[in-house]
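Q: Sequence and predicted structure, then a few things I'm wondering about:
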Amino acid sequence: MSLEGKNIIVTGAASGIGAETARQLKRLGAKVIGMDRNEVSENVDQFVAVDLSDPLSIGDAVAALPEGIDALCNIAGVPPTAGVVPVMKVNVLGLQALTGAVLDKMNNGGSIVNVTSLAGAGWPAATEQILKFQEAADFDNVESICDQLGVDDQRSYFFSKEVVIAWTMQNCWTWRDRGIRMNCVSPGAVETPIHADFLKSLGEKAEKNRRLMDRNATPKDIAPVIAFLCSDSSGWIRGTNIPCDGGMLSHVQCEMHGLI
Ligand code: NAI
């Protein structure tokens with residue numbers, strides 16, 4: 001697989017999955033533009049600072065991007081310990097605002113890849129909450145909307161990933177006339193700097209999952225799937241969510257539906 005000649009944006013490129021994705025994309029020949037609130041000095045051809053919790057910062061950052069973007073990897077995210085407002089702003093509203101603005105600079109045939117999570121797998125049970133959030137929430141009212149919907153700090157991370165998975169599916173054909181597609185990759189536990197935060201906030205559930213798995217993922221397990229979704233080889237994959245979790249989602253679903 002080659003990404004020669006492609007201009008690819010990676011958010012969250014300063015750390016963890018984003019940093020490894022930037023490294024692998026460059027190795028495959030892409031020109032990588034790293035976007036993060038922290039400076040990115042390695043594995044990128046250009047760095048554009050952005051605070052995804054702030055629409056003004058997103059506007060300034062997009063103005064600094066070149067035209068001719070081939071792929072956007074939305075990887076930046078914050079864990080549940082950040083609290084409901086930062087979680088919903090960065091993981092959902094910022095991701096969506098950046099995507100909307102980058103589309104104007106994206107080439108036809110482009111690809112958008114959202115890093116969601118196994119934590120979002122419960123979206124089918126939350127469709128009412130998701131639709132109400134989508135209808136009403138913006139950067140200014142997100143706290144009160146989450147209050148009304150009963151989304152607290154603990155639920156926020158799960159909900160943020162559910163909303164993005166649903167949004168990705170809802171937009172499977174939105175830019176079909178331009179050949180632009182959007183997909184998600186959902187990791188399970190990945191050893192990165194925010195992993196400790198997940199263990200802290202998910203408690204017993206995370207510990208149960210850890211006992212089931214032979215090991216945690218590392219960013220090297222996730223980045224190749226993101227790279228594949230940026231490539232033309234994955235052109236017929238649209239609007240879907242690809243679990244990359246060592247089998248955990250299959251296990252959970254088999255248990256839930258009595259298959260094992
Ligand atoms: P990380 O903490 O290593 O990297 C996150 C990056 O996002 C950092 O470089 C950070 O500076 C950036 N970021 C955070 N807030 C930002 C903001 N307001 N504006 C701009 N950049 C911001 O974490 P990791 O693990 O690499 O996470 C990447 C994605 O993977 C996240 O969306 C996370 O939810 C998801 N994920 C992680 C899992 C894990 O176990 N580590 C499991 C499943 C999904």
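A: Looks like it came in fine.
Q: and the residue nearest to residue 127 when sequence neighbours are not counted, what does it touch?
A: Of all residues not flanking residue 127 in the chain, residue 166 sits nearest, at 7.2 Å (Cβ to Cβ, 6 or more residues apart in numbering). To be clear about C-beta, it is placed using only N, CA and C from the backbone, and glycine gets the same treatment. Listed by Cβ atoms under 8 Å, 6 or more residues apart in numbering, the contact partners of residue 166 are 123, 127, 130, 134.
Q: go with 10 Å
A: Listed by Cβ atoms under 10 Å, 6 or more residues apart in numbering, the contact partners of residue 166 are 116, 120, 123-124, 126-127, 130-131, 133-134, 184, 241.
Q: Make a ChimeraX selection of whichever of those residues turn out to be buried.
A: Entered in ChimeraX, the line below selects the buried ones among the contacts of residue 166, by 16 or more other Cβ atoms under 10 Å:
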select :116,120,123,126,130,133,184,241
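Q: coming back round to it: please, which helix or strand holds the residue nearest to residue 127?
A: Here residue 166, judged by DSSP states H and E, is contained in helix 153-170.
Q: Beyond that helix, next helix or strand please.
A: strand 181-187.
Q: Tell me which strands that following strand pairs with, and in which orientation.
A: Using DSSP bridges, the strands paired with strand 181-187 are strand 106-115 (parallel), strand 241-244 (parallel).
Q: Now do the last one: distance to the chain's middle.
A: Chain-centre distance of strand 241-244: 11 Å, with Cα atoms, centre = their mean, to the nearest Å.
Q: Touching the helix or strand following that strand from outside, list them.
A: Following strand 241-244 in sequence order, the next helix or strand is helix 248-256 (DSSP H and E). Applying Cβ under 10 Å, 6+ apart, the contact partners of helix 248-256 are 118, 121-122, 186-189, 209, 212-213, 217, 241, 243, 245, 247, 259-260.
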